[in-house]
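Colleague: Sequence first, then the predicted structure:
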Amino acid sequence: MVAKGRTDIGPPHYEEMLPQIIKDNYGKWKYFERIKPGVLKHVSETGDELYTVRAGSPRLLSITSLREFADIADKYCNGHLRFTSRHNVEFLVDDPEKVEPLIAELEERGWPVGGTGNCLNNIIHTQGWIHCHSAATDASGPVKAVMDELFDYFKTDDLPAKLKISMACCLNMCGAVHCSDIAFVGIHRTIPKIDDEGVAKNCEIPNVIAACPTGAIRPNPKAKSVSVNEEKCMYCGNCYTVCPSMKIIDPENDGLAIFVGGKVSNARSGPSFSRLAIPWVPNNPPRWDELVSAIKNLVEIWVKNAKKGERYGEWIERIGWEKFFEIAELPFTDKHIDDFIFSVPTFRTTTNFKYTK
Amino acid sequence: MVAKGRTDIGPPHYEEMLPQIIKDNYGKWKYFERIKPGVLKHVSETGDELYTVRAGSPRLLSITSLREFADIADKYCNGHLRFTSRHNVEFLVDDPEKVEPLIAELEERGWPVGGTGNCLNNIIHTQGWIHCHSAATDASGPVKAVMDELFDYFKTDDLPAKLKISMACCLNMCGAVHCSDIAFVGIHRTIPKIDDEGVAKNCEIPNVIAACPTGAIRPNPKAKSVSVNEEKCMYCGNCYTVCPSMKIIDPENDGLAIFVGGKVSNARSGPSFSRLAIPWVPNNPPRWDELVSAIKNLVEIWVKNAKKGERYGEWIERIGWEKFFEIAELPFTDKHIDDFIFSVPTFRTTTNFKYTK
Amino acid sequence: MSDKKRPLLDELKKGPWPSFVKEMEKQAGNKMTEEAIDLLERSYEDKMCHWKHGGIVGVRGYGGGVIGRYCDIPEEFPNVQEFHTMRVNQPSGWFYTSDALRNLADIWEKHGSGLTNMHGATGDAVLLGTTTDHLQPCFDELAENGWDLGGSGSDLRTPSCCVGPARCNNACFDTLHLCHNLTNEYQDELHRPMWPYKFKIKISGCANDCVSSIARADLSIIGTWRDSIRIDAEAVKEYAASGMDIQGLVVDKCPTKACAFDKEKAEFTVDDENCVRCMHCINKMPKALRIGKDCGATILIGGKATIVQSAFLSWVIVPFMKLNKEDGYAELKDLLERIWEWWDENAKVRERIGELIYRKGMRTFLKEVGLEPKAQMVHHPRANPYFFWWPDELVQKEEGDEK
Amino acid sequence: MSDKKRPLLDELKKGPWPSFVKEMEKQAGNKMTEEAIDLLERSYEDKMCHWKHGGIVGVRGYGGGVIGRYCDIPEEFPNVQEFHTMRVNQPSGWFYTSDALRNLADIWEKHGSGLTNMHGATGDAVLLGTTTDHLQPCFDELAENGWDLGGSGSDLRTPSCCVGPARCNNACFDTLHLCHNLTNEYQDELHRPMWPYKFKIKISGCANDCVSSIARADLSIIGTWRDSIRIDAEAVKEYAASGMDIQGLVVDKCPTKACAFDKEKAEFTVDDENCVRCMHCINKMPKALRIGKDCGATILIGGKATIVQSAFLSWVIVPFMKLNKEDGYAELKDLLERIWEWWDENAKVRERIGELIYRKGMRTFLKEVGLEPKAQMVHHPRANPYFFWWPDELVQKEEGDEK
Ligand code: SRM
Ligand code: SRM
Ligand code: SRM
Ligand code: SRM
Ligand code: SF4
Ligand code: SF4
Ligand code: SF4
Ligand code: SF4
Ligand code: SF4
Ligand code: SF4
Ligand code: SF4
Ligand code: SF4
């Protein structure tokens, strides 16, 4: 078997993974065309043409499916494929004849083709109840339920612009949802329950105190533990991350918050954060109905009202956030008003606003 | 004489001060015209016409001049006049025939007429060495020197837009310069010198500590006084305001900082802060040459480069701050980069910027 | 005049702008004033001021209105050993009759330096320089003549307002009346420091904000309307005929693209729902466009200059409030009093209302003064997920619910 | 398959989107995996996860790359008592041969649950669920086959990059090469946690930022150019002829109004000095417009998600850097190492670089890592007057200077 202790070899070299057509045209791609949803054609300075067929993936993949992908790649792509930064799988085809059969086989096997251009993209997400101890909600379940509902948008590219939805299952935000057109994130709503003995035994109290963004944690020297100031705690769970004896999970009160209007690209406007639209929908497995219908509504109002080329946030910036809340028929609450460190620059310092009902 | 102890009577009623034409047309003004620099004509629904002649004032006025104004008001304005929110004096004329003679007399007596519309307005300012203990520079002197240099702009209204210059003689900013097209403010550059005995005797140490924006002040229990952390002190002088034994004046290092691009009105864009252009010019009485030429340059580049209707900050927002520094030929230094509480939202979070030399 | 030369200040008698040095010299017959000029020359030499803090001074019954000032080299300048300022509350809109002005001048000739600021940055008529002995007699004589002092210290500061309906076509309400009314209603708050810190009110009749209330007042009252801009179609045509570039100078600069100009028909239209009442189009075509008829004000809070947590512009807390003269502005005063009460109870020493709101969170402020959250209060909602829940918003666990 | 019913998860096998439940069931032959599904059903019933922290686990010589995970009801679910993840460092750009993929699958069949994430949010190929006993053998077999682990814990995390020159016409530099090079150069930093906290690097070939580097990486490397957009005039004419609304969809959306379209001549022009290389016009007309030729990258710092001081987007620190393959990216590495050194020396435990810069001030960071302040680093300069001076910038007092 192995030479034990072999370390620090780094990842396989990407060149080994590239198909010949990419090796030949590396750095020489001249332009591309969007053939149809899920299909891109890249044209090289050499005249070579590469077709990319993108299929949706649940990201959680069995090795059975990985082998299936490998077989498909062998059949259509000389044994080459890649995954995208949003966890889709892309088949790289150098023969135009193979494109339609490939698509047919993918669809047949349950791998939908789409998600390019102005389609809905795959939902970036995280571990949830499948693997993480920190999760305020599941990840794969809510994502599946939302993607089922929005499925048609994955397959049609006539949305006003790209639609990037992301999810994270707790405030650690491993899904880095904070700059998405629409983001949903698992949140807690009650303060951690302190197991004094556990804290005393297992946790580094200075680290626990430092972990709290709002300074809600104070030492409790008597119990060699800590106490939490209810008024200051906003349930982020960071204390729980550093100290398992600060349990924060509360099945009835945990749930999801929905943010909208962020983006990452610098195209036109610079990157921007998503902002709170709906503070809480309940955790309602298995299909998270409230979440799904809230997101559906959010997508539909954008599709209906945005101008061509307007990302979600660009649409809202044009009409104003007050109009967004009116159109979305969402209540604006005290939760929407920032009260963290950088709150001041978010307060409206002009009389330039629109009236709403 | 007086009934002693008569208090809380409040200010004189404004109605007693209004000329008849204003009483007759109060709330009925329909529109106005700018006749020429310094002269406005307001037209009422009743058809009445009121002429306003605005004259520049140093704000620091002797009672001799107040009496002179009173005499002029008697002669041309049925004994009525007012001051503006920028400390100019306005003569209210109901007879068009009197406008030119009034202007002639004002100019003759040394009171320049101008400052309306797209003129340079009067410079809002503060006490300086004339009355305040806190001043890092004089107020009236620098203002006089700048107004002399920019005088023509007070008398012509073809600037790109309004030009509002303000000054304050220390960071207390009694001139509220923080939202001006151009602002100059007296600053210190060295830390306070602590007179321990004085602190112990005269100052409330908790208040002194709380006064420091950066937490630079620590108790010094031995001396019943305080000490200042050099690395954290940015010389704001707020400790000196609450405790005279923390002297912060340093004649060679005090001076003025210049900010640009703020505005107050909601017209078009909302109100915005002025931002640092030049961190320091020296205190150079009697005519503050470095200050004057710096401001002259700032005004001239705007006049030359702004489009019609663009306030200073609106011009900069269009071209970008990096271009502003290039055009103004000003060095961009670490001082220009915020490092106070709300710094983060000022950092550039996009690759959308222009190159500069 | 003193025999001292003042070569530095002499330089500031030159030039076209009216000279404050000349102003000072006009009163140089007064020994105190003359020495004040000499002291200023000395400051010009030394590049520093020669004033210092000192004992608190004032007039009977008042905690504010006078700023005590002492020379730091009194041996050399005995006549300005004391050089206090008195702040006289201006009439709303800074209107004066010539007699009123002369009256002030006469009183100040008798009791002080003869130097004034017309006006101070807060709005008062500032009488610059007198001795402790003169304070009470001066105040008595002012009061006798119908003048009162303005604010200083930790109290309500003298409210001020723009010229408003007295001479402006844009006034959405009666700024002068409101200013006068509030000043009189809150005489106690103005004269008897008792709060954590100062509190300023400034009142502008429209969004042009000619008294900079959004930047310089803890409470900013800014006029606006709820209906539509009034358009005089004929006058629009005149502007167009005069060659004005209505598209470029007006329409293209509308922040929400809410107005439009049809060049063919020379017709100007406003989309009311999207107009944010920024005043720009009205400013550019005052003959053709007028503010609406259903007027009131936006109320904003928290504006202040630099110290301590950097400058704040005021924040919208009431998008639209009718300002009702008939009931003496009851709604506004009610709100104001709730705000003061909350601030007074919660603030630290020298903590402005804006800083307190920042520290406590806007949600706490709104809840405790009884205001509804509105989307108009923010540029945009929060980006972080760090929000709080009130106990009654949570799912209460029933017995046996726990697994 | 276990005889337990899973009515809740069954609901998630319905619908058109590929089902993760079906994926899990594909490996249900594995007892561990089967129980993981049952445990998930239990979580669905309880509305909470059933995992907990536990002892730290790993492989010899590495401090990271494995996430230990333990079930909180092991009595009921003994087969997932331990259910650790291994993070396998992906090949740059996430390219695989079918054999490589099969190889991974085979190893994971032998040593783990047969479940993966392709890929994790940082970019690794995530192998989901194995026992402590299997970690070392699994790693050894991975290594034998040319795979290595990625980062976790307080170390450099697995760098990732966009598809770049491999399949994109917009790549301003070789993202895959840089990513591979950095990953290999910093193996030690990646595998042996030693820093205050995690540090992430993400690399995008242009401002479209297809790996979200500005939002998700402490160090963001984003391609750009210094010269001009290349315009193919003929291709512009084709777009115009095809009926595309070039004015409305391209020109009007240019953030700096730097491009123009002459409809008559069907001519598209770019004002290079004002173009901020936002990519928009190129995105809309890829056949006609191309990135410039003098390419490099903008370097930004500090991006991260919510915890602790809320999310930061990365901040520009080097507007333009040539990325030189020949010298192994010496300039970039040199900067990176200076940054790490400063961070390592100054940060508190669990303090990301962005948070440290915020706490210490950008000026301190720039000075100590040796970067020149540039106006490109800020949206706008500071509004407050609270700036610092270095001792050598001050006027030094000479003896006898004092008055
Ligand atoms: C394959 C992928 C890169 C990779 O290395 O994996 C990729 C590939 C391309 N991107 Fe991207 N982008 C990819 C993730 C992203 C991301 C990151 C993300 O989604 O998390 C972004 C930033 C998202 C954001 O702004 O919030 C991104 C922002 C863009 C943009 C800018 C869109 C905008 O107008 O804001 C373009 C330009 C365009 O589409 O016009 C672009 C354009 C492209 C082009 C057209 C570039 C080209 O010429 O080849 C590629 C085909 C896109 C398509 O789907 O039609 N790509 N692209 C990623 C596919 C993810 C997926 O499976 O859906
Ligand atoms: C007299 C005064 C009010 C008072 O109660 O004293 C006043 C009076 C008028 N202002 Fe003002 N403004 C006055 C201070 C201000 C201020 C406050 C300040 O300067 O400190 C502002 C906000 C400054 C800022 O934005 O930084 C101000 C922003 C405006 C604007 C908006 C300008 C803009 O486009 O940003 C207008 C509209 C315009 O001029 O087009 C305006 C318009 C006007 C009009 C035309 C209103 C009218 O229809 O009568 C008045 C004649 C203005 C002129 O000078 O041509 N007024 N105006 C103030 C004169 C000060 C002076 O002596 O120079
Ligand atoms: C006289 C006046 C300046 C002038 O020349 O016009 C003035 C003068 C002083 N101000 Fe002021 N302030 C004056 C308007 C302002 C303004 C502008 C305004 O009100 O619109 C501001 C900025 C707006 C604000 O309130 O934020 C202002 C912000 C300050 C501050 C900083 C307060 C803060 O919270 O940031 C201080 C410091 C303090 O209160 O200890 C201060 C303190 C002072 C003191 C009392 C200095 C002291 O610590 O003893 C000054 C007395 C000077 C003297 O010797 O006469 N003054 N002060 C203004 C009042 C005249 C009047 O009543 O009309
Ligand atoms: C596996 C992964 C989520 C996924 O499903 O893809 C993940 C999973 C965890 N993350 Fe993460 N993070 C993952 C990418 C991210 C990202 C996204 C990224 O890297 O682009 C972020 C946001 C970006 C950032 O770094 O700011 C992220 C921000 C966090 C944080 C908050 C860190 C912060 O400074 O704000 C924590 C908390 C911590 O470090 O203690 C965290 C902690 C964790 C822990 C280790 C939970 C814990 O406290 O023990 C999770 C282990 C889950 C598990 O049981 O497997 N994870 N984590 C991602 C790594 C896979 C990979 O290597 O490819
Ligand atoms: S977002 Fe939170 S719950 Fe989800 S994987 Fe990351 S740390 Fe775990
Ligand atoms: S949950 Fe967050 S806010 Fe609450 S105590 Fe813990 S760390 Fe602090
Ligand atoms: S700005 Fe400072 S120095 Fe000037 S008057 Fe106000 S407190 Fe005094
Ligand atoms: S001058 Fe300002 S920063 Fe320095 S110690 Fe005093 S209060 Fe603090
Ligand atoms: S604020 Fe409005 S109402 Fe008041 S003077 Fe200015 S333009 Fe007129
Ligand atoms: S008032 Fe302002 S927002 Fe309204 S139409 Fe006129 S320019 Fe536009
Ligand atoms: S970031 Fe730019 S270079 Fe990289 S894949 Fe996206 S469009 Fe292409
Ligand atoms: S790249 Fe962006 S900024 Fe440059 S011309 Fe094109 S659209 Fe305008």
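Modeller: Sure thing, it's come through. Numbering: from 1, shown residues only, chains lettered A, B, ... in the order given. Ligands and ions are numbered 1, 2, ... in the order given.
Colleague: in chain A, what residue sits furthest out from the centroid?
Modeller: Using Cα atoms, centre = their mean, the residue of chain A lying farthest from its centre is A:Lys222. It sits 43.1 Å away.
Colleague: So which other helices or strands are in contact with the strand or helix carrying A:Leu102?
Modeller: Applying DSSP states H and E as the criterion places A:Leu102 in helix A:99-108. Applying 3 or more Cβ pairs under 8 Å, 6 or more residues apart in numbering or on different chains; DSSP states H and E, one finds that helix A:99-108 makes contact with strand A:49-55, helix A:63-76, strand A:89-93. For the C-beta atoms, the positions are set from N, CA and C on the backbone; glycine is no exception.
Colleague: So for the last one, mean pLDDT?
Modeller: Mean per-residue pLDDT for strand A:89-93: 98.
Colleague: Each with direction, which strands does that strand pair with?
Modeller: strand A:49-55 (antiparallel), strand A:80-83 (antiparallel) (DSSP bridges).
Colleague: State the pLDDT value of the residue of the stretch 51-200 of chain A found nearest ligand 11.
Modeller: When scored by Cβ to the nearest ligand atom, the stretch 51-200 of chain A has A:Ser85 as its residue closest to ligand 11, at 8.4 Å. Here, the pLDDT recorded for A:Ser85 equals 98.
Colleague: I figured A:Gln127 hits A:Cys174, correct?
Modeller: Yes. Contact criterion Cβ atoms under 8 Å: A:Gln127 and A:Cys174 qualify, at 7.3 Å.
Colleague: who's more crowded, these two?
Modeller: With neighbours defined as other Cβ atoms under 10 Å in any protein chain shown, A:Gln127 and A:Cys174 compare such that A:Gln127 has more, 29 against 21.
Colleague: From ligand 3, how far off is the residue nearest to that one when sequence neighbours are not counted?
Modeller: The spatial neighbour of A:Gln127 that comes closest, neighbours along the chain excluded (Cβ to Cβ, 6 or more residues apart in numbering or on different chains), is A:Ala139 at 5.9 Å. According to Cβ to the nearest ligand atom, to the nearest Å, A:Ala139 stands 48 Å off from ligand 3.
Colleague: what about A:Ala139, distance to B:Arg109?
Modeller: Going from A:Ala139 to B:Arg109 by Cβ to Cβ, to the nearest Å gives 79 Å.
Colleague: Could you check which of these two is surrounded by more residues?
Modeller: The neighbour count for A:Ala139 versus B:Arg109, taken as other Cβ under 10 Å, is higher for A:Ala139 (29 against 14).
Colleague: residue in chain A nearest to ligand 10?
Modeller: A:Asn352 (7.1 Å).
Colleague: I'd say that residue and B:Ala267 touch.
Modeller: No. A:Asn352 is beyond contact range of B:Ala267, at 9.2 Å (criterion: Cβ under 8 Å).
Colleague: what's the overlap in contacts for those two?
Modeller: C:207, C:278 (Cβ atoms under 8 Å, 6 or more residues apart in numbering or on different chains).
Colleague: The longest helix seen in chain A - contacts with which helices or strands?
Modeller: Assignment by DSSP state H gives helix A:289-305 as the longest helix of chain A. Secondary-structure packing of helix A:289-305 (3+ Cβ pairs under 8 Å, 6+ apart): helix A:140-149, strand A:182-187, strand A:255-260, strand A:275-282, helix A:312-319, helix A:321-328.
Colleague: contacting residues around A:Glu90?
Modeller: Shown here is A:Glu90, whose contacts under the criterion Cβ under 8 Å, 6+ apart are A:52-55, A:81-84.
Colleague: how close does it get to D:Arg350?
Modeller: 37 Å.
Colleague: and what of A:Ala257?
Modeller: Using Cβ to Cβ, which is the criterion applied here, A:Ala257 is 24 Å from D:Arg350.
Colleague: So C:Val316 belongs to a strand, correct?
Modeller: Yes. According to DSSP: H, G, I helix; E, B strand; the rest coil, C:Val316 belongs to a strand.
Colleague: Where does the residue most central in space within chain A sit, in terms of helix or strand?
Modeller: In chain A, the centroid-proximal residue (Cα atoms, centre = their mean) is A:Ser166; its distance is 2.1 Å. Of the helices and strands defined by DSSP H and E, A:Ser166 is found in strand A:165-168.
Colleague: Does anything pack onto that strand? Which helices or strands?
Modeller: helix A:140-149, strand A:182-187.
Colleague: any idea which of these is most buried?
Modeller: Greatest average neighbour count among the helices and strands packed on strand A:165-168 goes to strand A:182-187 (a mean of 30), per mean count of other Cβ atoms under 10 Å in any protein chain shown.
Colleague: for residue 311, what are its contacts?
Modeller: Picking chain A for this. Shown in contact with A:Arg311 (Cβ under 8 Å, 6+ apart): A:160-162, A:181, A:263.
Colleague: actually chain C
Modeller: So C:Ala311 contacts B:173, B:178-179, B:273, C:215, C:304-305, D:383-384 (Cβ under 8 Å, 6+ apart).
Colleague: Could you rerun that using 6 Å?
Modeller: For C:Ala311, the contacting residues are B:178, C:305, by Cβ atoms under 6 Å, 6 or more residues apart in numbering or on different chains.
Colleague: same deal with A:Cys169?
Modeller: Contacts of A:Cys169 (Cβ under 6 Å, 6+ apart): A:126, A:128, A:135, A:137, A:139, A:186.
Colleague: Tabulate the residues you listed (TSV), appending distance to B:Asp339 and pLDDT.
Modeller: Formatted as TSV, the contacts of A:Cys169 follow (distance: Cβ to Cβ, whole Å; pLDDT from 0 to 100):
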residue	distance to B:Asp339	pLDDT
A:Thr126	34	97
A:Gly128	39	97
A:Ala135	37	96
A:Thr137	38	98
A:Ala139	38	98
A:Gly186	34	98
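Colleague: Save these as TSV, and put in distance to A:Arg311 too.
Modeller: Putting the contacts of A:Cys169 into TSV (distance: Cβ to Cβ, whole Å) gives the following:
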residue	distance to A:Arg311
A:Thr126	23
A:Gly128	27
A:Ala135	29
A:Thr137	26
A:Ala139	24
A:Gly186	25
